[in-house]
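Asks: Got a predicted structure plus its sequence, pasted below:
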Amino acid sequence: MISIVDQKKEFELLKKAYEKAGGDASKFLDKRVASLIISGNKVIGLNGLNGVEIQPEQIQDGVKAKMLIKKDTVLTTPIHICTGFLEKHGLQRVIFEIEVQENAQVKFVAHCTFPWAEQFTHDALAIVHVGKNAKMYYADEHYHSNTGSIHLKTTTRATVEEGGVFINNFTLTKTRIGKLHLDASVELHTNAKADLSVKVKASKTDEVAIREKLNLFGDYASGIAKTTVIALDQSKARVVNEAYGVGAYSKGHIKCEEVTKGEGVDVSTIPVLKVLNELAELTHEASIGRVNANQLQTLMAKGLTEEEATELIIKGLIG
Amino acid sequence: MVWLFVLKNLSLKKNEKEILRDINVAFDAGKVYAILGTNGAGKSSLAYVLMGVNDYKPTSGKILLDGEDITDLSVTERAKRGITLLWQEPVRFQGLSVEQYLTLGGKIRASRDELESILESVGLSGKLYLHRMVDGLLSGGERKRVELASVLLLKPRYAILDEPDSGIDIMSLSMIEKVMEHIVKGNGSVILITHREEIARIAHEAYLLCNGSILAHGSPDKIIEYYKNKCDNCSHANLPAVEEVKI
């Protein structure tokens, strides 16, 4: 059992790391904001709201949390989630089961921060159900130590019911990655929409494997899956974007942009499009290679060096 | 100090093809120079050579700025000396706002008011456009205007404008004229590449470029007149111009 004093200290440490990662820690003390704070395998902060139920439980090496956004609930402020690991070594498993019921609308702002981790694995699974005409936005930003030895495994399985909307943004651009295995898959029913976006910056010996999949099951379902990878130095990146058009008039678009800079980079992208209904429409676009020469020259003609121009272009790409 | 941007006996070959032949021109301070020529005459190539764009290194000849040989200088070094280029088809930048683009990510210090006012001067609402992205959602005309705003903010000594009017409606030509007047007021010069006579008339001097050679140099009215009468039905299209035309 963790003592109150330890918990306070841990909260302070996590708060500092969270703010360094770009999060607004004041939200965790604001009772008007729903929040969940996890450190290692402990829940050290929890706040629910009307229409929001968060039920966390400790599991081996981690935390499992069920989050329910009740029918017709429209949250005007995002739910803040902080997942931290303050040790140097270990494993953290996080399982989120998120249910957004019919007509509900919710935004999650999640920060995962592992500022001092060295030999560490973070294994996250999100099982998401977006109900009929409900809307869910999940922004997931990671902040790692710069050791490059973190292994991050993140899996999302989402189902979006008729007329529902699911937007999922994953960002890991401010620090080293280490190893990343990202696997996101969404099932879209009639008129449902999804927007999956991943932005990562890999450097030194970082390794990235990304798979995003759109299953357009329902008629008029539509989705877009975008991946942006900046691969520097000797980093490796493998991207697979998939879209399956099953429903009539379903539309899917997949896009992969990989910008390379460094003699030892090793990157690839594979688009997979499969139409199983003659009325479905799938498209893809991909670019892979150095920063666009015309963009570089344009900025250099304004006085930037090649290095500065590259940095600005990359800044735009990864936000 | 006299500002002078000079091309001396400059030639350019690409893939064994002669693109520019023995070009001799001089650009003074505080003037607008029009470079007229038909499609394929080498106008844009000349612009790239002046700016030092990759793959447009002269095969022979020199480029001098205030007496300094800048032939081998990079694009960045030339830009630092006050030369800039407005591209005929400006590229898009994903994720960069107009504000970030104009200030080069904060490298150019400019107040919000100043940026808004510059955008207004190229016919864009400052408040609306400062936060727009310089991406594919801007129309060709809007993108061109943002580029003109960028040129104004840079306060160049030599602004090479490669067909600034393309993609912009004819009603907005006066806006381009004002941009050029503004540069000239600051003692900068404009090297205006165009084949539109309405806009070329604002120039103080004009050059006629034909198949990579300077065919004539003189007052804009005379060059335009020659261009209209002779170049539309050119008798030696795709052949080198052998001698300078006396106008």
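Replies: Yep, that arrived. Not measured: the values here are computed from a predicted model.

Asks: dump the residue contacts of the residue of the stretch 151-300 of chain A found nearest chain B.
Replies: Nearest residue of the stretch 151-300 of chain A to chain B (Cβ to the nearest Cβ) works out as A:M300 at 4.2 Å. Bear in mind the C-beta positions are built from the backbone N, C-alpha and C, glycine included. Residues counted as contacts of A:M300 (Cβ atoms under 8 Å, 6 or more residues apart in numbering or on different chains) are A:E306, A:A309, B:S74, B:V75, B:T76, B:A79.

Asks: ok, and the most crowded of the residues you listed?
Replies: Compared across the contacts of A:M300, B:V75 has the highest neighbour count, 28 neighbours, by other Cβ atoms under 10 Å in any protein chain shown.

Asks: Would you report the backbone torsion angles of it?
Replies: Dihedral pair for B:V75: phi -60, psi -50, per degrees, to the nearest 10.

Asks: now do the one 5 residues further on
Replies: Backbone dihedrals for B:K80, given as degrees, to the nearest 10, come out at phi -70, psi -20.

Asks: Which pLDDT value goes with the nearest residue to it once chain neighbours are set aside?
Replies: In space, and not counting its chain neighbours, B:K80 is closest to A:G303: 5.4 Å by Cβ to Cβ, 6 or more residues apart in numbering or on different chains. On pLDDT, A:G303 comes in at 97.

Asks: So A:G303 is in contact with B:A79, correct?
Replies: Yes. In this structure, A:G303 is within contact of B:A79 by Cβ atoms under 8 Å, at 4.1 Å.

Asks: give the contact list for the closest residue to chain B within the stretch 201-319 of chain A.
Replies: Closest contact between the stretch 201-319 of chain A and chain B, by Cβ to the nearest Cβ, is at A:G316 (3.4 Å). By Cβ under 8 Å, 6+ apart, the contact set of A:G316 is B:F93, B:Q94, B:G95, B:L96, B:Q100.

Asks: and if we set it to 7 Å?
Replies: B:F93, B:Q94, B:G95, B:L96 (Cβ atoms under 7 Å, 6 or more residues apart in numbering or on different chains).

Asks: Helix, strand or coil: sort out it for me.
Replies: helix (DSSP: H, G, I helix; E, B strand; the rest coil).

Asks: Any buried residues in the helix or strand bottoming out on mean pLDDT in chain B, and which?
Replies: Lowest by mean pLDDT, DSSP states H and E among the helices and strands of chain B is helix B:197-200, with a mean of 88. Residues of helix B:197-200 classed as buried: B:E197, B:I199, B:A200 (neighbour count, 16 or more other Cβ atoms under 10 Å in any protein chain shown).

Asks: quick one, phi/psi of the residue of chain B found nearest chain A?
Replies: Proximity of chain B to chain A (Cβ to the nearest Cβ) peaks at B:G95, 3.4 Å away. With angles defined as degrees, to the nearest 10, B:G95 sits at phi 80, psi 0.

Asks: again with B:R92
Replies: According to degrees, to the nearest 10, B:R92 has phi -100, psi 150.

Asks: Nearest residue to the residue of the stretch 201-319 of chain A closest to chain B in space, ignoring adjacent ones along the chain?
Replies: A:G316 sits nearest to B:G95 (Cβ to Cβ, 6+ apart), 3.4 Å away.

Asks: what's the distance between the one you found and B:K17?
Replies: According to Cβ to Cβ, to the nearest Å, B:G95 stands 38 Å off from B:K17.

Asks: Please identify which of those two sits among more neighbours.
Replies: A direct count of neighbours by other Cβ under 10 Å for B:G95 and B:K17 places B:G95 higher, at 17 against 8.
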